[in-house]
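Asks: Kindly return the folded structure for what I paste below:
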Amino acid sequence: MAMTVKLAPVAREHRRSSKRHKSGWKDRLQSLINEHAYKDVHGRVASPRTIAITAESLFKAFKTLYSELDMEPQPRNLKEKHVRRLVQYWYHTEKKPVAHIKADLLVLREFEQWIRKPSMVKDLEVYLTELASPVAACESIGEDSIGTRVESRIADSPTEEALFTTLRANGSQAR
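Replies: Purely as a prediction, here's the structure:
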């Protein structure tokens, strides 16, 4: 049973015969959402909230491609270059947090399966090389920006007993 969710009003306008026409992408995207979004990644029925979030994220991405980036892909013709431009726009222009970009990439990874283009959406670090710098890599494996290991800093820190002894000593001096 296919669940139909209509989130965005779709403009019914005259279709131009031009190959690169802008009209129709909303209808095509809504059709793909209606066909696929009712299933979650495990094949179970997705919640209405999940469907709504997926649809909203996809419509925002395509609207950004059309209005901000002057790219006009039809939903089934989305390519890796479009995703790259989207990620760079989100990060550099919109100043979107990395966590939000990663969430949008998850939705686009789901979408790539719908249009049968596996491996189209890459990891965030592929699109934003500044996140793949040595400092960022160190932070992701448990080192701070100075390069010292977090574990060694924890090991060098005083024990609870030593802290309480210091606090008692300082407390008795304050009296």
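
Asks: rest of the way, CA atoms for contacts and neighbours
Replies: OK.

Asks: Next up, phi/psi of Leu69, please.
Replies: The phi/psi pair for Leu69 (degrees, to the nearest 10) reads phi -110, psi 0.

Asks: what's the single longest helix in this protein?
Replies: The longest helix of the chain (DSSP state H) is helix 48-67.

Asks: Give me the buried positions along that helix.
Replies: Residues 51-52, 54-55, 57-59, 61-65 are the ones in helix 48-67 that count as buried (16 or more other CA atoms under 10 Å).

Asks: So which elements touch it?
Replies: Under the contact criterion of 3 or more CA pairs under 8 Å, 6 or more residues apart in numbering; DSSP states H and E, helix 48-67 touches helix 25-36, helix 80-88, helix 98-114.

Asks: Compile those into a markdown table and extend it with columns for distance to Thr165 and mean pLDDT.
Replies: Formatted as a markdown table, these follow (distance: least, CA to CA, whole Å; pLDDT from 0 to 100):
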| stretch | distance to Thr165 | mean pLDDT |
| --- | --- | --- |
| helix 25-36 | 62 | 92 |
| helix 80-88 | 52 | 93 |
| helix 98-114 | 41 | 92 |
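
Asks: so which of those gets nearest Ser47?
Replies: Evaluated with CA to CA, those place helix 25-36 nearest to Ser47, the distance being 12.8 Å.

Asks: Packing partners of that closest one?
Replies: Judged by 3+ CA pairs under 8 Å, 6+ apart, the packing partners of helix 25-36 are helix 48-67.

Asks: burial measure for Leu106, as a count.
Replies: Using other CA atoms under 10 Å, Leu106 is surrounded by 15 other residues.
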